[in-house]
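Chemist: I'd like to go over a predicted model; first the sequence, then the structure.
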2 protein chains.
Amino acid sequence: MSSEKTDTRTKILEATRKLMMENIGSGVKMIDIAGEAGVSRQALYLHFDSRSELLIAATKHLDEKLGVSERYSVVDDTNSGIDRLDALVEFWGNYLPHIHGIAKALYSSRESDEAAAAAWKDRMDVVKRECRNAIIGLKKDGLLRSEWSQKDATEFLWAMLSFPNWELLRFESGWSVKKYVSRTQVAAKQTFVKEGC
Amino acid sequence: MSSEKTDTRTKILEATRKLMMENIGSGVKMIDIAGEAGVSRQALYLHFDSRSELLIAATKHLDEKLGVSERYSVVDDTNSGIDRLDALVEFWGNYLPHIHGIAKALYSSRESDEAAAAAWKDRMDVVKRECRNAIIGLKKDGLLRSEWSQKDATEFLWAMLSFPNWELLRFESGWSVKKYVSRTQVAAKQTFVKEGC
DNA sequence: GATTTACTTTACACGGTGTCAATTGACACT
DNA sequence: AGTGTCAATTGACACCGTGTAAAGTAAATC
């Protein structure tokens, strides 16, 4: 049982990640991935049933590589609702660039592929849960604005943090990651947090 | 010069609109459109160079049919910045359902097609301009929060009103149009408008 | 030495877009 | 009637990318 984690499957996943990040998800073909991995196109189908299966596997692989759960602890280690909200936005804003390409590919495939749609939904549900936790934190502190129900606030925050929204600000409007984080933090607080007089 | 506006081109555009709205943009093929228009698939290419050309033309055609510019006057007829912001959100929230299918198709094609991307950008620039006007209105009234520059506020508002954002709230979270409008109005005002003590 | 495992090579089916050439039918002009 | 032309039809085909299938090869394992 050697530490041979450079097996073909891993090489394919790495190639997928690399190409997806370089080309920001769009137009990456199976044959390109095979080429990058130094393997035949058919070998891809020995390891993954379909393009979207590969995409999904690559997403998981990337998460593991990045150590998402550890990174996420900064959000869970907060004390107040406001801190949690800030930490969530900061985590998310800094995390998205690392998964941009592969996320975009998954997001696009979603339309035409049920498996991709399900995988995307899974990921987004995780984010939504964290939005809910942040809003619950605010509510516990008595700081959630009276205009917002917990549910509505969760869903609206979730939309604010959505992938297309981030992409729009980041690339159409040319915002830096730092700017995205700080502006979104400000907006989220202004929207959801009660204002002291 | 009879009022024969039921020429083939128009029939094709109408068929496109109908199918796109029914199937919410995805999976509508050229052959389906041809069938719906009662015309051969090849006839489509006599009138439009490509699928995305057809999409773009259908978008314009739909705008004319809906009389967008007239409908929009309600926004321009406002006096205060806040009213303008509210009116913009309301207009947009009620307008999007009418163009949902065709907008989605255009939005999706955007990834792989330059012409579609340009057409989409055109439309979005119009929205952005209106966001800018609303923010300028606020600023003139001295009500734009000091945390926001005019540019940043414009871009963030634009993102709040983006198509994917609307789609997310409307269909993933199941919000009604009315709810989308009222919640977005609230959020936009809380985010951008100075709060009286 | 035989079998198994992982991968390669070649070939092909399928679906959807876009192209091309030959044909038809209706209308207009003289 | 004859000619031209315009709009649309028919049928065939090329191109691309995904996914399938079958036969072959080379190294590892028993």
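Modeler: That came through, no problem. Numbering: from 1, shown residues only, chains lettered A, B, ... in the order given.
Chemist: Going by neighbour count, list what's buried in the lowest-mean-pLDDT helix or strand in chain A.
Modeler: The helix or strand of chain A with the poorest confidence is helix A:68-76; it has a mean of 88 (mean pLDDT, DSSP states H and E). For helix A:68-76, burial by neighbour count (16 or more other C-beta atoms under 10 Å in any protein chain shown) applies to A:Y72, A:V75. Backbone N, C-alpha and C define where each C-beta goes, glycine included.
Chemist: now do stretch A:82-95
Modeler: Neighbour counts over stretch A:82-95 (16+ other C-beta under 10 Å) mark A:82-93, A:95 as buried.
Chemist: Out of those residues, which comes closest to A:M20?
Modeler: Nearest to A:M20 among the buried residues of stretch A:82-95, counting by C-beta to C-beta, is A:Y95 at 15.7 Å.
Chemist: which ones are touching that closest one?
Modeler: The contact partners of A:Y95, taken as C-beta atoms under 8 Å, 6 or more residues apart in numbering or on different chains, are A:L66, A:V68, A:R71.
Chemist: For the second one, give its distance to chain B.
Modeler: If you measure A:V68 against chain B using C-beta to the nearest C-beta, to the nearest Å, the figure is 22 Å.
Chemist: Look up how far A:L138 lies from that residue.
Modeler: According to C-beta to C-beta, to the nearest Å, A:V68 stands 24 Å off from A:L138.
Chemist: same check, this time on the first one
Modeler: Between A:L66 and A:L138 the computed distance is 28 Å (C-beta to C-beta).
Chemist: Show me where chain A dips below the pLDDT cut-off.
Modeler: Applying pLDDT under 70 to chain A flags the ranges A:1-6, A:197.
Chemist: Skipping its backbone neighbours, what lies nearest the most centrally placed residue in it in space?
Modeler: Among the residues of chain A, the one closest to the centroid is A:L96, at 5.2 Å (C-alpha atoms, centre = their mean). Closest residue in space to A:L96, ignoring its immediate chain neighbours: A:W166 at 5.4 Å, by C-beta to C-beta, 6 or more residues apart in numbering or on different chains.
Chemist: Wait, a helix at the one you found?
Modeler: Yes: residue state for A:W166 (DSSP: H, G, I helix; E, B strand; the rest coil) corresponds to a helix.
Chemist: Excluding chain neighbours, what is closest to whichever residue of chain A sits closest to chain B?
Modeler: Going by C-beta to the nearest C-beta, chain B is nearest to A:P164 of chain A, at 3.6 Å. Excluding the flanking residues, the one nearest A:P164 by C-beta to C-beta, 6+ apart is B:P164, at 3.6 Å.
Chemist: dump the residue contacts of A:W166.
Modeler: Listed by C-beta under 8 Å, 6+ apart, the contact partners of A:W166 are A:W92, A:G93, A:L96, A:Y180.
Chemist: can you rerun that using 10 Å?
Modeler: Contact partners of A:W166, counting by C-beta atoms under 10 Å, 6 or more residues apart in numbering or on different chains, are A:W92, A:G93, A:L96, A:P97, A:H100, A:A103, A:M160, A:W175, A:V177, A:Y180, A:T184, B:A159.
Chemist: Throw those residues into CSV and include distance to A:T59 and secondary structure, thanks.
Modeler: Below are the contacts of A:W166 laid out as CSV (distance: C-beta to C-beta, whole Å; DSSP: H, G, I helix; E, B strand; the rest coil):
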residue, distance to A:T59, secondary structure
A:W92, 16, helix
A:G93, 19, helix
A:L96, 13, helix
A:P97, 15, helix
A:H100, 12, helix
A:A103, 8, helix
A:M160, 22, helix
A:W175, 24, coil
A:V177, 20, helix
A:Y180, 22, helix
A:T184, 23, helix
B:A159, 24, helix
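Chemist: Any chance of a PyMOL selection covering the buried ones in those residues?
Modeler: To isolate the buried subset of these in PyMOL, counting by 16+ other C-beta under 10 Å, use the following:
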select buried, (chain A and resi 92+93+96+100+103+160+175+180+184) or (chain B and resi 159)
